[in-house]
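A.B. asks: My questions are about this predicted structure, shown below with the sequence.
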Amino acid sequence: VNQVGTKRVKLPNFAIQKAGKFDPKYLERLRKKLGVSEIKMYEEPKLDGLRGIIIVRFVSKLRNEWEVKAYTSAGVAVSNACYICEDILEEVDTKQHFPYENGFVLDGEFFTKDWNLSSSLVMTQSMHPKADKLMFNAFDIIYIDCWDAKKCDLTLATRKKHLKETLAVINSKRISQVKS
């Protein structure tokens, strides 16, 4: 549970992928342990953004109401992601062909072309005059039901395919998929 102003925000304890030093010996041990001839891995560029998530949740069937909220990986609300959230909300409110009826979570990084501005936009709780410059690079997507259950049976390859399809529907210049 994290403090945000006077509100408390509780995010599920769900591990997000983080970069680490690659150890080829670990990969070989894992391959042998699993009894497979190869393991498919994804390599993604290291971006200079601030890690975060965007939670998109269906909250009311009666009113076809969706909720879109952005957080840092520590669970602090990203108030200045309002334009990104609006772009998503415009599409989920009007499109009925998302492959997940209850919502999804985008995992990625908030960024601008300037690190100092990125940091200021993500960490400032009041509305920033340059909030429209904030963008989001998405690494992964997970269905909200999996997020809530803290378990996902979909492979990373399947999730990346769904991410590409979802971002094509949202079609926002502020949200892009990190190329693997």
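C.D. replies: Good, I have the coordinates.
A.B. asks: which strands and helices sit next to the lengthiest helix in the chain?
C.D. replies: Assignment by DSSP state H gives helix 156-170 as the longest helix of the chain. With contacts defined as 3 or more C-beta pairs under 8 Å, 6 or more residues apart in numbering; DSSP states H and E, helix 156-170 has these neighbours: helix 82-94, strand 135-143, strand 175-177. Placement of C-beta: from N, CA and C, glycine included.
A.B. asks: just these: most buried one?
C.D. replies: Stretch with highest mean neighbour count among those: strand 135-143 (a mean of 22; mean count of other C-beta atoms under 10 Å).
A.B. asks: Low-confidence stretches in the protein?
C.D. replies: Scanning the chain with the threshold set as pLDDT under 70 gives 1-20, 45, 61, 63, 93-99.
A.B. asks: what ranges do the strands span in it?
C.D. replies: 2-4, 7-9, 50-60, 65-72, 103-111, 135-143, 175-177 (DSSP state E).
A.B. asks: Can you lay out those strands as TSV showing distance to residue 91?
C.D. replies: TSV is the format used below for these (distance: least, C-beta to C-beta, whole Å):
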stretch	distance to residue 91
strand 2-4	26
strand 7-9	24
strand 50-60	10
strand 65-72	10
strand 103-111	12
strand 135-143	14
strand 175-177	10
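A.B. asks: between these, which one is nearest to residue 89?
C.D. replies: Across the strands of the chain, residue 89 has its closest neighbour in strand 65-72 (4.9 Å, C-beta to C-beta).
A.B. asks: Give me the contact list for the closest one.
C.D. replies: 9, 11, 50-59, 77-78, 81, 84-86, 88-89, 92-93, 103, 110, 122, 136 (C-beta atoms under 8 Å, 6 or more residues apart in numbering).
A.B. asks: Cheers, nothing more for now.
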